[in-house]
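K.L.:
Pasting the sequence and the predicted model now:
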Amino acid sequence: MTERDPLKAPHIDEERLAALLDGNLDAAERAELLARLAASDEDFRVFVETAAVLRRIEEAEAGTGPGEQDPQEGGAPDGAARVSASRPGPGAAKIHPPSMSRRRRWPSGFWAALAAVLVLAALLSVLRVRPGSPSPGDPGRMASLLEERGAGLPRGWTEHRPWGVALGTGDPLSARARAVRLGALHVDLVLAVQARDTAGSSRLAAEIVVLLDELPPAAPVADGYRDLGRRAGEAPERLAGPLEEAGRGAAELLGEDLVATGAWAEAGRIAAARQDAGFFRARESGVALRRAAELPSLPESARAAVERLRQATRGGGPPDWGTVERDLNELLRTLAS
Amino acid sequence: MLNRLEPSDLLVAHREWIEKVAAITCHRNSVWGDDAEEFASVAIMKVIENDYAVLRKFRGESDLKTYLATVVVRRFQEYARERWGRWRNSAQAERLGQPAKDLEALVYRDGYTLREAIEVLRTSGRTSTSDGELARLFAELPMRSRRPGIADPIAPDTLAAPARADDRVIAAEAEERCRKVMEELLRALTRLDPDDRVLVRGRFGEGRSVADIARGLQCDQAPLYRRSERLRDEIRRSMEEAGIRKEDIEECLPLHDR
């Protein structure tokens, strides 16, 4: 069996489809499922095909015939008479070139486009913001504190995460670890997109989707990241809006403070690797450190790392980059493991 | 319910139902004979595999029969993809009915010539329609690419002349017009509520019958007809207001069927 592509939306569970077909869902559940169906390909086919099969069986059992035709159609059981009546005389049989065929199936990519539009619409309605408006909840804003935003990620950066454990192989993630990891990965994704790193963007989006797919309520946000993964390589300015919306949606779901802390720590690690002192002098960095210090149930080692970071970045001169890097790694390791 | 019955007993109790759903699904998708028999076994295996996982994970949110029907139909989609690739009948074939779907599958999926396909349908008792009617029905279908090595489906003297260079230019212009139509359609669909989106997609996008859609949405057919007509008119109107020409809508969108 092939492994599921995390950039593809998961199938709707058969029992949910069956509950829809039986009329067993409440109004909100029904509307949510129909919205997903209308924008999906395979699930939609399973839904309408099962409906057709059930109708046929039910009508046969009720003695109302096989029921392949709609009442308005009348006439021929297999559609032939209807065709015959609408056709010109013999000799008219002709095959049109595909592009000139008058009647075509709506293109398959059409439904993916519809899904993407609906996901964005849903995000916008949930977040009640206009695109381009100030976005304090966007974890990607931490990446904007870096001096060289188009430089991409340092070589081999994504191969060694501070939290160390490969996704999906350990115990279930805590809510805190998930939020902090998402913040960190989102910053990496922003930088990969800004550097037009197609492979990196796609991989990072997929990593985030895996994190979110384990949470059913996160499905619309995961779809936003899926879309970003599919669009990897597009111009950064085209992806900026969807990136911001996805990041805000994730922060809203997982906890803004934790996601922002993960994002700041990851951006800080990159700043330390580049010896970018401006990042730590920015007002937003001071706010992020204060927020980290106030996180509830902050482990002692993380608290100590935060305090050292505040001391190290308080002075006017360049900090000890080795110490800063070590403390940021410690902060992420503790919060994201 | 499930915790009192062993999954194997449940399978015995529902085996006939699974086979019925499998047979109807095959029939609807122009699969019969050995292939249909094979799929019936595949459907049963789907329920048995992994220690009856399909039955064990059933939570009771729906009727078990409906659930099993959904599982079988999903498995059919996978089976068909494994056997024939991503085969789907065209929306036009869906609209024209079972003989058109059968012809399209036999010719474009299985590689029969049109004459052979008609013979297969006749000898298997799947149609009593005349050869001429079936040929005309086939001509109503959009041309589809066939697998490498498979000959043309109909005799050369009934084929249209090969496309010329100016035909290709006209076709490219038509594609561009249709792209604009589809963009506007996308905007119109996002304004609809989920029920209406499913209705419009099912009826006009996939060529499904209103009766099937009504069964899926659990509502009466007659109002659904009226609603779909109203939606079609609204979509047309909004597209025309957005500057799309009526002729382009007619050319690109099957909004006028059924």
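P.N.:
Yes, it's here.
K.L.:
looking at it, B:E94 is touching B:K101, isn't it?
P.N.:
Yes: between B:E94 and B:K101 there is a contact under Cβ atoms under 8 Å: 6.8 Å. In short, each C-beta sits where N, CA and C put it, glycine included.
K.L.:
So which residues make contact with stretch B:16-35?
P.N.:
Applying Cβ atoms under 8 Å, 6 or more residues apart in numbering or on different chains, the contact partners of stretch B:16-35 are A:49, A:52-53, A:56-57, B:11, B:36, B:39-40, B:43-44, B:47, B:65, B:68-69, B:72-73, B:76, B:80, B:83, B:89, B:98, B:101-102, B:104-106, B:109, B:124, B:126.
K.L.:
remind me which residues of the chain are low pLDDT?
P.N.:
Picking chain A for this. Applying pLDDT under 70 to chain A picks out residues A:1-10, A:64-136, A:149, A:164-171, A:216-217, A:315-317.
K.L.:
my question was about chain B
P.N.:
Checking chain B against pLDDT under 70 turns up B:1-4, B:86, B:145-172, B:254-258.
K.L.:
Where do the helices of it begin and end?
P.N.:
Assigned by DSSP state H, the helices in chain B fall at B:7-28, B:34-56, B:64-84, B:91-96, B:98-104, B:114-123, B:131-139, B:165-190, B:194-200, B:210-217, B:221-241, B:246-252.
K.L.:
quick one, which of the ones you listed is nearest to A:R326?
P.N.:
helix B:34-56 (47.4 Å; Cβ to Cβ).
K.L.:
So which bits of that closest one are buried?
P.N.:
Buried residues in helix B:34-56, counting neighbours by 16 or more other Cβ atoms under 10 Å in any protein chain shown, are found at B:35-36, B:39-40, B:42-44, B:46-47, B:52, B:54-55.
K.L.:
just stretch A:52-67 next, same as before
P.N.:
A:52-57, A:59, A:67.
K.L.:
One more: stretch A:175-195?
P.N.:
So stretch A:175-195, judged by 16+ other Cβ under 10 Å, has buried residues A:176-195.
K.L.:
In JSON lines: the buried residues of helix B:34-56, plus distance to B:L192.
P.N.:
Formatted as JSON lines, those follow (distance: Cβ to Cβ, whole Å):
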{"residue": "B:D35", "distance to B:L192": "38"}
{"residue": "B:A36", "distance to B:L192": "37"}
{"residue": "B:F39", "distance to B:L192": "36"}
{"residue": "B:A40", "distance to B:L192": "39"}
{"residue": "B:V42", "distance to B:L192": "37"}
{"residue": "B:A43", "distance to B:L192": "35"}
{"residue": "B:I44", "distance to B:L192": "40"}
{"residue": "B:K46", "distance to B:L192": "35"}
{"residue": "B:V47", "distance to B:L192": "37"}
{"residue": "B:Y52", "distance to B:L192": "41"}
{"residue": "B:V54", "distance to B:L192": "34"}
{"residue": "B:L55", "distance to B:L192": "37"}
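K.L.:
picking up where we left off before, within reach of chain B, which of the buried residues of stretch A:52-67 are there?
P.N.:
With Cβ under 8 Å from any Cβ of the partner chain as the criterion, the buried residues of stretch A:52-67 include A:52-57, A:67 near chain B.
K.L.:
So which residues of the stretch 151-300 of chain A form helices?
P.N.:
A:175-194, A:198-213, A:219-230, A:236-254, A:256-274, A:277-281, A:283-293, A:300-314 (DSSP state H, counting those that start in this stretch).
K.L.:
Same list (these) but as JSON lines, adding distance to B:E184.
P.N.:
Shown next, in JSON lines, are the helices of the stretch 151-300 of chain A (distance: least, Cβ to Cβ, whole Å):
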{"stretch": "helix A:175-194", "distance to B:E184": "29"}
{"stretch": "helix A:198-213", "distance to B:E184": "29"}
{"stretch": "helix A:219-230", "distance to B:E184": "21"}
{"stretch": "helix A:236-254", "distance to B:E184": "21"}
{"stretch": "helix A:256-274", "distance to B:E184": "37"}
{"stretch": "helix A:277-281", "distance to B:E184": "46"}
{"stretch": "helix A:283-293", "distance to B:E184": "42"}
{"stretch": "helix A:300-314", "distance to B:E184": "53"}
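K.L.:
Now the ones you listed in JSON lines, please, with extra columns for distance to chain B.
P.N.:
Shown next, in JSON lines, are these (distance: least, Cβ to the nearest Cβ, whole Å):
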{"stretch": "helix A:175-194", "distance to chain B": "24"}
{"stretch": "helix A:198-213", "distance to chain B": "18"}
{"stretch": "helix A:219-230", "distance to chain B": "14"}
{"stretch": "helix A:236-254", "distance to chain B": "16"}
{"stretch": "helix A:256-274", "distance to chain B": "28"}
{"stretch": "helix A:277-281", "distance to chain B": "40"}
{"stretch": "helix A:283-293", "distance to chain B": "36"}
{"stretch": "helix A:300-314", "distance to chain B": "40"}
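K.L.:
Next, find the distance separating B:A117 from B:R74.
P.N.:
28 Å (Cβ to Cβ, to the nearest Å).
K.L.:
swap in B:E247?
P.N.:
40 Å.
K.L.:
Give me the more crowded residue out of the two.
P.N.:
The neighbour count for B:E247 versus B:R74, taken as other Cβ atoms under 10 Å in any protein chain shown, is higher for B:R74 (22 against 9).
K.L.:
Could you look up the SS state of the residue lying closest to that one once chain neighbours are set aside?
P.N.:
Counting by Cβ to Cβ, 6 or more residues apart in numbering or on different chains, the nearest residue to B:R74 once its immediate chain neighbours are dropped is A:V46, at 4.9 Å. Under DSSP: H, G, I helix; E, B strand; the rest coil, the three-state class of A:V46 is helix.
K.L.:
What about A:V46, how many residues nearby?
P.N.:
25.
K.L.:
What of B:R201?
P.N.:
Neighbour number of B:R201 under other Cβ under 10 Å is 23.
K.L.:
Is it in contact with A:A35, as I believe?
P.N.:
No: at 11.6 Å, B:R201 does not count as touching A:A35 under the criterion of Cβ under 8 Å.
K.L.:
so how far is stretch B:114-126 off the chain centroid?
P.N.:
How far stretch B:114-126 lies from its chain's middle: 21 Å, per Cα atoms, centre = their mean, to the nearest Å.
K.L.:
This completes my enquiry, with thanks.
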